[in-house]
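[1] make a model of this:
(one chain, ligands or ions: 1)
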Amino acid sequence: MFERILIANRGEIALRILRTAREMGIETVAVYSDFDKRALHVRMAHQAIALGGELPSESYLVADKILDAAKRSGAQAIHPGYGFLAENAAFAAKVTEAGLAWIGPPPKAIEVMGDKITSRLAMQEAGVSLVPGMTESVSDAKDAVKAAEQLGYPVALKAAAGGGGKGIRVVRKPSEMAMAFRTASGEAVSAFGDGRLYLERYLDRPRHIEVQVLFDAHGNAVHLGERECSIQRRHQKLIEESPSVVIDEAMREEMGRVALQAGHAVNYEGAGTVEFLWSGGEFFFLEMNTRLQVEHPVTEMVTGIDLVREQLRVAAGEPLGYGQDDIEMRGHAIEVRINAEDTTAGFVPSIGTVKNLRMPGGTGVRIDSCLYRGMEVGMAYDPMLAKVIVKAHDRQTAIRRMHRALEELNVSGVRISAPAAIAVLEEEAFQKGDFDTHFLESLDLSKPRGKEEQLAAAVAAIYRRHRAADKALAGSGETRRGWRERSRAMTSSYSQAATRKSGGGEG
Ligand code: MV4
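    Numbers count the residues shown, from 1 in each chain. Predicted structure coming up:
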């Protein structure tokens, strides 16, 4: 096993990796941008190396700076986390060429799965059922209309270099194609430097279900069941759970088998996720994510397997040492992402300094967080600050547990996405498992939900009344002092209640 690894990431995932490494007796090397000099991953690692620069493009994304830090620190391996360089095949190759171990899949597997056309070709050859569509790019809108006639409308026009939702256009009739082609290809060029597009049949209102897989370097592989990730907005997931309410044991076995087939076809090693669109009892390969995913904890909670530990063991050449029959899914786990966003105003980013902070706890609650009091939340980095994960013996109990945990959570100084998650948990359709990838977008989240939001709305209403009273009294010679004093007393009793409720002063 490695004695020292470098973690080429920040935020909650850097801490997540660091914690398992410590438990395994492995020393950790953190890297950081100037913006992150006070971050927890810097403080908690055995060693921390400054990359320089404030922005990701000046720090976490600069391959040579990371490699240099690895050499200087004496690290034997690099864990990329997710995002940044995690799915950069050229970087993975450079790491191994530098004589270091790459804690991730072989560069070739990253490369094949990173392109929708090469991955669809590889999956087709492996006998994996794909979302119906093309395995070559279309040259222009005319070509696309021809292909769409064969597939049948509606069609999805997708970027070959894409993934995760960028550069997708739904085309419902031929007259829409020219415009969709122009915008999609423009978006693909600016996002990926590659404008190639291809077509799939568009599945209306699918569920997004993905299978966690784990491969060692000796040809052994297991799947760890599915995660349901349909509660998302604009391809940003908000709530994930395992198992999915629509997957029974037979379907799980079938999806698991197909997911392993997909991995074997690209000689996969390490942890990976095979994404499917699920519609009307059928599932179709969408893409494979060649990294540890944000939502991996729900799988850990139901299987009892530490995925980072398995990644480290596999990267060090150890065999899995267990088979599919040893994998057991028990209970139900849910994860909610805590993003710095104002969900009452269209999920716009929220920035500021974290003031009061109270994290949930208690039975069956896990917190993966990089939050600390005084932390600056800016615009340059990912807005995800924490994840609340719960486990219970069944789904209903897990939903109630998550609701309870989110009500305990208090972060002041920035707006967070928890109220939107609470709104979802309170929906009867969600509780019944009756939802798809459009569910979150269909909810009206504009009204305030949590206690803090209700308080802010109440105070705002008082000020609106003040302004109205000022207007009404203007020029009358009267004052509203008596009334103002009464309402001030009311406001101050509200804020005292808020301080009590938010546990002001906790750190
Ligand atoms: C689709 C689709 C329906 N039909 N492809 C969006 C993210 C990217 N990974 C693929 N996406 C979709 N592709 C076909 N042929 C619907 C989506 C989609 C979606 C997929 C997964 C999770 C959330 C989604 C939300 C909207 C659309």
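[2] what comes up buried for stretch 364-382?
    364-371, 375, 377, 381-382 (16 or more other C-beta atoms under 10 Å). Backbone N, C-alpha and C define where each C-beta goes, glycine included.
[3] for stretch 139-159, same thing?
    Here stretch 139-159 shows 141, 144-145, 147-148, 151, 155-159 as buried, counting by 16+ other C-beta under 10 Å.
[4] what's the most distant pair in the residues you listed?
    For these, the farthest-apart pair by C-beta to C-beta is V145 and A159; their separation is 18.3 Å.
[5] for the chain, what's the longest strand?
    In the chain, with assignment by DSSP state E, the single longest strand is strand 221-233.
[6] which one of the buried residues of stretch 139-159 is nearest the ligand?
    Nearest to the ligand among the buried residues of stretch 139-159 is A156, at 4.1 Å by C-beta to the nearest ligand atom.
[7] specify the beta-bridge partners of that closest one.
    Here A156 sits in beta bridges with V170, E200, going by DSSP bridges.
[8] for it, give me the pLDDT.
    pLDDT, A156: 97.
[9] I'd assumed Y202 was in contact with it.
    Yes: the pair A156 and Y202 passes the contact test of C-beta atoms under 8 Å, sitting 4.3 Å apart.
[10] and for these two, which residues touch both?
    Contact with both A156 and Y202 is made by residues 170-171, according to C-beta atoms under 8 Å, 6 or more residues apart in numbering.
[11] list the contacts of the residue positioned nearest the centre of the chain.
    Compute the mean C-alpha point of the chain, and by C-alpha atoms, centre = their mean the closest residue is V294, 4.5 Å away. Counting by C-beta under 8 Å, 6+ apart, V294 touches 13, 82, 237, 337, 384, 387.
[12] ok, M375 next?
    Shown in contact with M375 (C-beta under 8 Å, 6+ apart): 38-39, 353-354.
[13] who wins on neighbours among the residues you listed?
    The residue in the contacts of M375 with the most neighbours, by other C-beta atoms under 10 Å, is A39 (21 neighbours).
[14] that one contacts L371, correct?
    No: counting by C-beta under 8 Å, A39 does not reach L371; the two are 10.4 Å apart.
[15] roughly how far apart are A98 and L67?
    Distance of A98 to L67, given as C-beta to C-beta, to the nearest Å: 6 Å.
[16] go on, A188?
    According to C-beta to C-beta, A188 stands 29 Å off from L67.
[17] neighbour count winner among the two?
    Between A188 and L67, counted using other C-beta under 10 Å, A188 has the larger neighbour count: 23 against 19.
[18] so the more buried one lies in a strand, does it not?
    No: using DSSP: H, G, I helix; E, B strand; the rest coil, the secondary structure at A188 is helix, not a strand.
[19] name the nearest residue to it, sequence neighbours excluded.
    A159 (3.6 Å; C-beta to C-beta, 6 or more residues apart in numbering).
[20] check L40 too.
    Leaving aside its sequence neighbours, L40 sits nearest to C370 (C-beta to C-beta, 6+ apart; 5.4 Å).
[21] looking at it, that neighbour is touching L385, isn't it?
    Yes: counting by C-beta under 8 Å, L385 is a contact partner of C370 at 6.5 Å.
[22] which residues are in contact with each of those two?
    11-12.
[23] based on its surroundings, how many neighbours for the residue in the stretch 1-150 of the chain positioned nearest to the ligand?
    Residue nearest to the ligand within the stretch 1-150 of the chain (C-beta to the nearest ligand atom): V131, separated by 4.4 Å. Look at V131: counted by other C-beta under 10 Å, it has 20 neighbours.
[24] so it makes contact with F284?
    Yes: if you go by C-beta under 8 Å, V131 and F284 touch, sitting 4.2 Å apart.
[25] need the residues touching each of those two.
    Residues touching both V131 and F284 (C-beta under 8 Å, 6+ apart) are 203, 277.
[26] near the ligand, which residues of the stretch 201-350 of the chain show up?
    Selection of the stretch 201-350 of the chain residues close to the ligand by C-beta under 6 Å from any ligand atom yields 201-203, 206, 208, 232, 235, 277, 286-287.
[27] filter those residues down to the ones in strands?
    Using DSSP E, the members of those that fall in strands are 201, 208, 232, 277, 286-287.
[28] looking at the residues you listed, which is nearest the ligand?
    H208 (3.6 Å).
[29] how much space between the closest one and R182?
    28 Å.
[30] before we move on, what about H466?
    From H466 over to R182 the distance is 51 Å, taken as C-beta to C-beta.
[31] now do A45
    With distances taken as C-beta to C-beta, A45 is found 47 Å from R182.
[32] out of the two, which sits in the more crowded spot?
    More neighbours surround A45 than the other of A45 and R182, with 24 against 12 (other C-beta under 10 Å).
[33] show me the contacts for that one.
    7, 18, 28-30.
[34] domain ranges for the chain?
    Following automatic domain parsing, one gets these domains for the chain: 4-103, 132-201, 207-442, 452-502.
[35] what's the least confident stretch among the ones you listed?
    domain 452-502 (a mean of 57).
[36] one step back: what's the farthest-apart pair in the residues of the stretch 201-350 of the chain next to the ligand?
    R201 and Q232 (21.0 Å).
[37] since we're on R16, how many residues are nearby?
    26.
[38] export only the CA atoms of stretch 70-90, formatted as PDB.
    Provided in PDB are the C-alpha atoms of stretch 70-90 (Å, rounded to 0.1, in the frame of the first residue of the first chain):
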ATOM      1  CA  ALA A  70       3.700  15.400  -6.100                       C
ATOM      2  CA  LYS A  71       7.400  15.100  -6.800                       C
ATOM      3  CA  ARG A  72       8.400  17.600  -4.200                       C
ATOM      4  CA  SER A  73       6.300  16.000  -1.500                       C
ATOM      5  CA  GLY A  74       7.400  12.400  -2.200                       C
ATOM      6  CA  ALA A  75       3.900  11.200  -2.900                       C
ATOM      7  CA  GLN A  76       3.600   7.900  -4.600                       C
ATOM      8  CA  ALA A  77       0.100   8.300  -6.000                       C
ATOM      9  CA  ILE A  78      -2.400  11.000  -7.000                       C
ATOM     10  CA  HIS A  79      -6.100  10.900  -6.200                       C
ATOM     11  CA  PRO A  80      -7.900  13.400  -8.400                       C
ATOM     12  CA  GLY A  81     -11.300  13.500  -6.600                       C
ATOM     13  CA  TYR A  82     -14.100  14.600  -9.000                       C
ATOM     14  CA  GLY A  83     -14.100  17.600 -11.400                       C
ATOM     15  CA  PHE A  84     -10.800  19.400 -12.200                       C
ATOM     16  CA  LEU A  85      -8.400  16.900 -13.700                       C
ATOM     17  CA  ALA A  86     -10.300  13.700 -12.700                       C
ATOM     18  CA  GLU A  87     -11.500  12.800 -16.200                       C
ATOM     19  CA  ASN A  88      -8.500  14.200 -18.100                       C
ATOM     20  CA  ALA A  89      -6.900  11.200 -19.900                       C
ATOM     21  CA  ALA A  90      -3.800  13.200 -20.800                       C
END
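[39] residue contacts, the one residue in the stretch 301-450 of the chain that gets nearest to the ligand?
    Across the stretch 301-450 of the chain, no residue is closer to the ligand than T437, which sits at 3.7 Å (C-beta to the nearest ligand atom). For T437, the contacting residues are 205-208, 230, 232, by C-beta under 8 Å, 6+ apart.
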